[in-house]
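Q: Next input, structure requested:
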Amino acid sequence: MWTYHFAWNDDATEIVGITSVGRATILALKMNRLQLIRVRKMWVRMGDHPSNI
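A: Next up, the predicted model:
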């Protein structure tokens, strides 16, 4: 369950770990690296992000 471990920050560009597993996963997989944040910002502007999980 994604929503159990993760959430979006206020502008939906960064993934926030809610649980210790979520936080460790974000770090291990580098889920908030700069390139991904840039792409998410573009998707937000296009209206394609965040998706409904």
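
Q: Only the buried residues of the helix or strand that contains Ala28, if you could.
A: Secondary structure from DSSP states H and E places Ala28 in helix 20-29. By neighbour count on 16 or more other C-beta atoms under 10 Å, the buried set for helix 20-29 is 22, 26. Quick note: C-beta positions are derived from backbone N, CA and C, even for glycine.

Q: Then stretch 40-52?
A: Residues of stretch 40-52 classed as buried by neighbour count (16+ other C-beta under 10 Å): Arg40.

Q: For the protein, which segments are assigned as helices?
A: With DSSP state H, the ranges of helices along the chain come out as 2-5, 20-29, 34-46.

Q: I'd like to check which residues are in contact with the nearest residue to Val16 once chain neighbours are set aside.
A: Among residues not flanking Val16 along the chain, Ala7 sits closest, at 4.8 Å (C-beta to C-beta, 6 or more residues apart in numbering). The contact partners of Ala7, taken as C-beta atoms under 8 Å, 6 or more residues apart in numbering, are 15-16, 18.

Q: Quick check: end-to-end length of stretch 26-38?
A: For stretch 26-38, the first-to-last residue distance is 16 Å (C-alpha to C-alpha, to the nearest Å).
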